[in-house]
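Pasting the sequence and the predicted model now:
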Amino acid sequence: MRMVALIVAAAGIMVEGLVVASLLFVLGGVVDAYSMSLNGTDPSQAQVAIRVAAVVLGVLLVALAAVLLLAAVRRRPARRLTVVGLVVQCVVTTIAGVALGWEVFGGTLLVLGTLLYVLLDEQPDRGLRPVNRI
């Protein structure tokens, strides 16, 4: 069951990372195209900052998804640094789901549920054990 949860969580985080990164990248273009000054900054500087944030956030989320997928393939629990990333991702997913409305919240509940399952299931997958009979 852990393998399925890891794969679903990895797929959800991958999609979330790509969507958030692409939306931020487009938002950076909108800021520059309409010469928006974010708190008095130069629009070109704001565009660069938003696009850098988009790339960094996208890369971090895709890397977390790759680590989860690797753990699923190896049939091993997530390691310490991955668990820290999962806890942060649980918080971000919850906040994003609540802030973006009920439609998005339904999808984030699926990802959050699988992330929590992966976090709480720390026992290594040992498979079926033979029964010793006397």
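Sure, I can see it.

alpha carbons only for contacts and neighbour counts from here, please
Fine.

quick one, helices of this structure?
Using DSSP state H, the helices of the chain run over 2-33, 43-74, 80-100, 102-120.

will you turn those into a markdown table that also has mean neighbour count and mean pLDDT?
Compiled in a markdown table, the helices of the chain are given as follows (neighbours: other Cα atoms under 10 Å; pLDDT from 0 to 100):
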| stretch | mean neighbour count | mean pLDDT |
| --- | --- | --- |
| helix 2-33 | 19 | 85 |
| helix 43-74 | 19 | 88 |
| helix 80-100 | 15 | 77 |
| helix 102-120 | 17 | 75 |
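
Need the residues that contact stretch 7-21.
With contact meaning Cα atoms under 8 Å, 6 or more residues apart in numbering, stretch 7-21 is reached by 54-55, 57-62, 64-66, 68-69, 72, 111-112, 114-115.

Try it again at 6 Å.
Residues from elsewhere that reach stretch 7-21, judged by Cα atoms under 6 Å, 6 or more residues apart in numbering: A54, G58, L61, V62, A65, L68, L69, V111, T114, L115.

correct me, but the first one touches L24?
By that I understand A54. Yes: with contact defined as Cα atoms under 6 Å, A54 reaches L24; the gap is 5.3 Å.

re earlier: tabulate the contacts of stretch 7-21 (TSV), appending distance to V88.
TSV is the format used below for those (distance: Cα to Cα, whole Å):
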residue	distance to V88
A54	17
G58	15
L61	11
V62	14
A65	13
L68	14
L69	18
V111	13
T114	14
L115	11
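
Taking these together, which two end up most distant?
A54 and T114 (24.7 Å; Cα to Cα).

Please list all residues in contact with the residue nearest to S35 when sequence neighbours are not counted.
Leaving aside its chain neighbours, S35 sits nearest to P43 (5.4 Å; criterion: Cα to Cα, 6 or more residues apart in numbering). By Cα under 6 Å, 6+ apart, the contact list for P43 reads D32, S35, M36, S37.
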